[in-house]
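Visitor: return atomic coordinates for the entry below.
(chains A, B, C and D)
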Number of protein chains: 4
Amino acid sequence: MTSSRARDLGIRIGDADPGPAGAITDVAGVRVGHATIVEGDGPLRTGEGPVRTGVTVILPHEGSVEDEPLYAGFHWLNGNGELTGTAWIHDGGMLTTPIGLTNTHSVGVVRDTLIELAPRGGGHNSWGLPVVGETWDGVLNDIDGAHVTAAHVRAAYAAAERSGPGEAVAEGNVGGGTGMICHGFKGGVGTSSRVVEGGWTVGVLLQANHGRRERLTVDGVPVRIDDVPRPVPPAYEGAGSVIAIVATDAPLLPHQCRRLAQRAGLGIARTGGAGENSSGDGFLAFSTANRGRLPADRPGATPPPVFQVDALADARLDPLFHGIIEATEEAVVNALLAAETMTGRDGVTAYALDAERLLGLLRPRAGGG
Amino acid sequence: MTSSRARDLGIRIGDADPGPAGAITDVAGVRVGHATIVEGDGPLRTGEGPVRTGVTVILPHEGSVEDEPLYAGFHWLNGNGELTGTAWIHDGGMLTTPIGLTNTHSVGVVRDTLIELAPRGGGHNSWGLPVVGETWDGVLNDIDGAHVTAAHVRAAYAAAERSGPGEAVAEGNVGGGTGMICHGFKGGVGTSSRVVEGGWTVGVLLQANHGRRERLTVDGVPVRIDDVPRPVPPAYEGAGSVIAIVATDAPLLPHQCRRLAQRAGLGIARTGGAGENSSGDGFLAFSTANRGRLPADRPGATPPPVFQVDALADARLDPLFHGIIEATEEAVVNALLAAETMTGRDGVTAYALDAERLLGLLRPRAGGG
Amino acid sequence: MTSSRARDLGIRIGDADPGPAGAITDVAGVRVGHATIVEGDGPLRTGEGPVRTGVTVILPHEGSVEDEPLYAGFHWLNGNGELTGTAWIHDGGMLTTPIGLTNTHSVGVVRDTLIELAPRGGGHNSWGLPVVGETWDGVLNDIDGAHVTAAHVRAAYAAAERSGPGEAVAEGNVGGGTGMICHGFKGGVGTSSRVVEGGWTVGVLLQANHGRRERLTVDGVPVRIDDVPRPVPPAYEGAGSVIAIVATDAPLLPHQCRRLAQRAGLGIARTGGAGENSSGDGFLAFSTANRGRLPADRPGATPPPVFQVDALADARLDPLFHGIIEATEEAVVNALLAAETMTGRDGVTAYALDAERLLGLLRPRAGGG
Amino acid sequence: MTSSRARDLGIRIGDADPGPAGAITDVAGVRVGHATIVEGDGPLRTGEGPVRTGVTVILPHEGSVEDEPLYAGFHWLNGNGELTGTAWIHDGGMLTTPIGLTNTHSVGVVRDTLIELAPRGGGHNSWGLPVVGETWDGVLNDIDGAHVTAAHVRAAYAAAERSGPGEAVAEGNVGGGTGMICHGFKGGVGTSSRVVEGGWTVGVLLQANHGRRERLTVDGVPVRIDDVPRPVPPAYEGAGSVIAIVATDAPLLPHQCRRLAQRAGLGIARTGGAGENSSGDGFLAFSTANRGRLPADRPGATPPPVFQVDALADARLDPLFHGIIEATEEAVVNALLAAETMTGRDGVTAYALDAERLLGLLRPRAGGG
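Guide: Residues are numbered from 1 along each chain as shown, chains lettered A, B, ... in the order given. Purely as a prediction, here's the structure:
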């Protein structure tokens, strides 16, 4: 049994309910596209393969993010990774570009291509500082082979543009998550959402490549499966990373987005992550609420000096915090459940987490509840 | 049944073992002293009582911390709190004073008194920037009554100085933790430690005043006890805070201490904390390893330009990360188990978490393991 | 000639003009009060004197800052200092209390007393996390003598409350600045302001205790006065600190306040500061514009979930940046010009910068312009 | 008269002297290579030109920086820019790759190519997180034309590898600085160094594309040249950026490197920069002193747990702070003096700052000194 999602299997993490799609696309306007590249088998020959990688593009809203930027913030649980574009998110508080996710050694091509693709109202007189995150798929993929090209970025971007409102998001071995490994099992893309008190939606999409086998915890229950072969020696586990993108329609200012981003790490912690030393655990949160109110930031621009934005009272933040912790936990489980066993570079195999076995471990507690 | 510690009750959190005292004092040289103030009953009369508060002092080593500073770092999961002295820890990377913990409105008197008490090698030509943290005990305590005085700080300091190497630390309703409330039960001081791979010890001491009743989780098991009266309306829960002090004998540089500090928050998350909006969840970590090697930082000082320090290879950090997560979880449980039911201001009662009931909730899973 | 201000002497720093008072009080609602303590002479006898110190209180607006918080941000050029209350300013983005400035060893008493004094709408069910900054006056003052008491804080607070709108601010040897030394001359409190493009006002008040004699630069001209005795050996210079409080009526969000705060450091740099190692150069900026719109942050509070605030377009920030750099430069010069020669502890004398000599140094360039 | 350096013209900024090359290469082991691309004239045709851009590569030492990482830190005066690789520098404190500088829209290709070029001891089982900074040359260059290719990165890298110890560094219209504009004049690459008390060398190399014409200040003297045409309307000025790379042989830990980095911004301030809103003013500092002592950080690596490093006493930092401020000032002036008038995209011309005119402005003060 594979490809079922946590909720479909009866795994209910936390108290709040997901939105209709159970995905980051439950936040209105957010769309996701993947380009997946799987080619070749056998021993690694750099530049030839085997290839197990891809690109995921997230469009924060239907328009030009340069022209209609969104407030955003980010947090690193552990910084052994890359998330371009964060200097301006720190200082300007705004997301001004689409978001790309890919493997560690293809961040550059994704970044430069996103500049080419994203509509820029300032045209040749403006600039792009795209946000691109990564995790390392070199266990299964010819990561030094430069297999991600501008064409793949365009394909993922186009797929995101084509997708309908609130559309489900493919998970597991897709897009940037294609070759990832999580807690010693096959990992990849996972997503979930929560509708919380006040009617706000929070969604998370993550590229899960982190964690040690022996620390995996699902809904508080330690998952100790020792008889499934591991793709890498235990010493290598924890070497991966997890990038999570958090979206919400709650009206958050930049510093509130940053606080939300940090909570994604608490969801990672609850599933057994520790922000291990070799891991790049970075989280970006943005709010779609003030779309169209923030002036584009361009040299020579003369926007009206003052604009009005909505802000959420801090006293209403806790449900969002709890929601994002729950959604992050569930997104990790979804990534593990959606991912299918994959054999890649040098014949290495990353095995999927078996849903039946997982349910068998969870059942005793459910019964005693 | 009260006052038993988690380990004594068979609650084993995580994989590593605590040190001999199961306390922050397992890190050689670290000592702890409490001054506990419990006076009066009945309605609040500001300045008169009831008083349910105190001070805890942590001495990082046996000497003058000004003369022999230690590398340190800190992290806020949520910043609705105070931890003085952190500007220099951020920039200079050093802890140069003892540490005090008290209630929110007594931080000042503790801070100024620590300057008076701590030996300063530079005498009247040097200065102190003490580290003092706080959580808010106004539910049970006359917090505006200025009941913590310099005499109490001196008493706690003296108690710490008197205590022997590796001595056990009183927990629960003591020192700064006297009037605290945690996850809707009586909270207070808790401590634990881990001896990890490489032989390093990590210890944590926390003043636990955080969390909502319905989110408390012990070793992955949700604790849902609804029939014990709450000291405050549910809306107020999560309004507390938790300050954790992390010590280790592993040789960490300042940026490594900061990374360690962030992991304390993951332990908080695993017990159900979320860094709620009204909570001041701040963590300070210091390393005793390079004691005596770091020159005192004083104007006009002319230390040898270059000194040598030990540093831990980053590849060896993960056991420390895991250890501090486990020790933090256990310290929260210890705080809850040690704390006894207390009635304070206006007759409000905070009930202790009953150890038998807790064990009853944990047992099913233990049996199925 | 003493006590003249830079503008009065014809020293015009930068391009924009100051407001009517040339002070932080040009930002409507901001008021300043000082309590100055000068007692005794001769050798240091701790607890007896000589005393050369004080307290300055800044009220950000006419009401309760707890009930009507303001967006704020801060920046450290060098963190060898204290500025309490910044954890919440970082995370919550709000200033919720009056601001105190004093000597390094009296921060605590000022902090605790501000909690007592500041009206708290939540009464005994809310808390205060006051902002108190410091610089070190131990060269002239019995800094370990605990001469600043709650009574002085109350006096400075009352003086601020009494002061009228846009009132001039006493500078030099007053309040927290009483015993300070700046660039080897007598320092203290200085203030200035700028009215910038868009009609916004930015004001700065600083407690100047920083800098080396040989690096002092006024309006780009090196001030090399070597024949005036120094209060401390050159090796000690640069050991001081400077705390600057920046106010504006421009509608800035928290991250914009933080950016403004960093610019105060550029003004310090232009007058010869370098954020020397022993210096605590910290800057806090707040915006009065959204007063009354931000809900108070209290446990159990149920403000309307969403509120509206004004925000300044980033494209309009530069005039504020330039203005605060200029106002900071001018405030340093004002502090030096206002301060009068003072003899303190152990007969040490800090000499005032002579205005005539300074003008003599500046004149050649003015003539050649 | 063009291409002379500040020192050659008698402009002496600050107190300390430069090293033999007056360049970042005075720090032993540091090498710099440029690839400069100048092609075509006339109207902009995206993808065809005109091209006025390039790449600069800095090799921090002669070996593999992955195998022998260096302590490093960074600071943003204003974050409207990109500097990849900083998440790990923040958290791990280490520079593990060469450094690239280029135009804003070519960061990706430089980044990915540096991964290909930099020797990685872990081979296909390790990863690269290169540091690449940028400033925007779209006024003169077809920045959307993707003219920087992997071949240019390889050429700049090879040029750096070929260069000898302590070799002079080409400045002005070269490498990443080819198409840059600074304070309304033609800008580009500039470098300088200082040998400071203790015998340490600090060097800076910057890509200068920042500042407004009317704010340019050289050695404290305002440069007000209004009769030279500007390449862009005044409203656009300040839209550029400056990236500075700081190197030193002083043994600094990561947090000390970060402090050093911030001081580069004070040098920018002294020449009239303000970290304007549209500017990406980012500074990276690294220390070559502990080369070979820091273990490579790779998954599965088992370095000895503890290693020894040298650290500079904080009390010895001030001369480095002063030195880097001076060297940054001088590097900006060198960039302006070395840059030659350039006509680019759409016939726009950026005029060089005329050295004779500059000297004429500086002379009166020199005479009166």
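Visitor: buried residues in stretch A:338-349?
Guide: By neighbour count with 16 or more other C-beta atoms under 10 Å in any protein chain shown, stretch A:338-349 contains the buried residues A:Ala338, A:Ala339, A:Met342, A:Thr343, A:Gly344, A:Arg345, A:Val348. Backbone N, C-alpha and C define where each C-beta goes, glycine included.
Visitor: so how far is the lengthiest helix in chain A off the chain centroid?
Guide: With residue count as the measure and DSSP state H as the assignment, chain A has helix A:318-338 as its longest helix. Computed by C-alpha atoms, centre = their mean, to the nearest Å, the chain-centroid distance of helix A:318-338 equals 11 Å.
Visitor: stretch A:186-204 too?
Guide: 11 Å.
Visitor: for chain B, what are the nearby residues on chain A?
Guide: Residues of chain A found near chain B (C-beta under 8 Å from any C-beta of the partner chain) are A:15, A:77-78, A:214-215, A:217, A:220-222, A:238, A:259, A:262-263, A:265-266, A:269-270, A:273-278, A:314-315, A:317-318, A:321-322, A:325, A:364-365, A:368.
Visitor: which of these are buried?
Guide: A:77-78, A:214-215, A:217, A:220-222, A:238, A:259, A:262-263, A:265-266, A:269-270, A:273-278, A:314-315, A:317-318, A:321-322, A:325, A:365.
Visitor: among these, which are in helices?
Guide: Of the positions in these, A:Arg259, A:Gln262, A:Arg263, A:Gly265, A:Leu266, A:Ala269, A:Arg270, A:Asp318, A:Phe321, A:His322, A:Ile325, A:Arg365 sit in helices, assigned by DSSP H.
Visitor: list the contacts of the third one.
Guide: Pointing back at A:Arg263 there. A:Phe321, A:Ile324, A:Ile325, A:Thr328, B:Ala274, B:Gly275 (C-beta atoms under 8 Å, 6 or more residues apart in numbering or on different chains).
Visitor: doesn't A:Arg194 make contact with the second one?
Guide: Yes: the pair A:Ile324 and A:Arg194 qualifies as a contact (C-beta atoms under 8 Å) at a distance of 7.3 Å.
Visitor: tell me, what's touching those two both at once?
Guide: What both A:Ile324 and A:Arg194 touch, as defined by C-beta under 8 Å, 6+ apart, is the set A:Val202.
Visitor: kindly reformat the ones in helices among the buried ones among the residues of chain A next to chain B as CSV containing pLDDT and distance to C:Gly19.
Guide: Compiled in CSV, those are given as follows (pLDDT from 0 to 100; distance: C-beta to C-beta, whole Å):
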residue, pLDDT, distance to C:Gly19
A:Arg259, 98, 35
A:Gln262, 98, 40
A:Arg263, 98, 43
A:Gly265, 98, 45
A:Leu266, 98, 46
A:Ala269, 98, 50
A:Arg270, 97, 53
A:Asp318, 96, 42
A:Phe321, 98, 42
A:His322, 98, 47
A:Ile325, 98, 48
A:Arg365, 61, 66
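Visitor: from A:Gly22, how far out is A:Gly187?
Guide: For A:Gly187, the distance to A:Gly22 equals 18 Å [C-beta to C-beta, to the nearest Å].
Visitor: apologies, that question was intended for A:Val169.
Guide: Applying C-beta to C-beta, the value for A:Val169 to A:Gly22 is 9 Å.
Visitor: A:Gly265 now?
Guide: From A:Gly265 over to A:Gly22 (counting by C-beta to C-beta), the distance is 21 Å.
Visitor: start to end distance for stretch A:90-107?
Guide: With C-alpha to C-alpha, to the nearest Å as the measure, stretch A:90-107 spans 20 Å from end to end.
Visitor: average model confidence for it?
Guide: Computed over stretch A:90-107, the mean pLDDT rounds to 98.
Visitor: and that stretch, anywhere near chain C?
Guide: Yes: applying C-beta under 8 Å from any C-beta, one finds stretch A:90-107 in contact with chain C at A:His90, A:Asp91, A:Gly92, A:Gly93.
Visitor: for the strand or helix carrying the first one, the distance to its chain's centre please.
Guide: This points to A:His90. Taking DSSP states H and E as the criterion, A:His90 maps to helix A:86-92. In this view, helix A:86-92 has its centroid 19 Å away from the chain centroid, taken as C-alpha atoms, centre = their mean.
Visitor: quick one: buried residues of that helix?
Guide: So, applying 16+ other C-beta under 10 Å, buried residues of helix A:86-92: A:Thr86, A:Ala87, A:Trp88, A:Ile89, A:His90, A:Asp91, A:Gly92.
Visitor: I'd say the fifth one and D:Trp76 touch.
Guide: Yes: shown here, A:His90 and D:Trp76 form a contact pair, counting by C-beta under 8 Å, at 7.2 Å.
Visitor: related to what we said a few turns ago, of A:Gly187 and A:Gly22, who's got more company?
Guide: With other C-beta atoms under 10 Å in any protein chain shown as the criterion, A:Gly187 and A:Gly22 differ in neighbour count, and A:Gly187 comes out ahead with 33 against 24.
Visitor: in contact with that one, which residues?
Guide: Contacts for A:Gly187 (C-beta under 8 Å, 6+ apart) come out as A:Gly177, A:Met180, A:Ile181, A:Ala208, A:Asn209, A:His210, A:Gly240, A:Ala335, A:Leu336, A:Ala339, A:Ala350.
Visitor: got the phi and psi for A:Arg45?
Guide: Main-chain torsions, A:Arg45, degrees, to the nearest 10: phi -130, psi 100.
Visitor: okay, the most centrally placed residue in chain A and A:Gly188: tell me how far apart.
Guide: In chain A, the centroid-proximal residue (C-alpha atoms, centre = their mean) is A:Leu206; its distance is 2.3 Å. Distance of A:Leu206 to A:Gly188, given as C-beta to C-beta: 9 Å.
Visitor: A:Pro98: how many residues sit nearby?
Guide: Neighbour number of A:Pro98 under other C-beta under 10 Å is 28.
Visitor: what two of the buried residues of stretch A:338-349 are the furthest from one another?
Guide: A:Ala338 and A:Arg345 (21.5 Å; C-beta to C-beta).
Visitor: so which bits of chain A are right by chain C?
Guide: Neighbours of chain C within chain A, by C-beta under 8 Å from any C-beta: A:90-93, A:198, A:251, A:253-256, A:259, A:294-295, A:297-298, A:301-316.
Visitor: just the buried residues of the residues you listed.
Guide: The neighbour-count test (16+ other C-beta under 10 Å) applied to the residues of chain A next to chain C identifies A:90-93, A:251, A:253-256, A:259, A:294-295, A:297-298, A:301, A:303, A:305, A:307, A:309-316 as buried.
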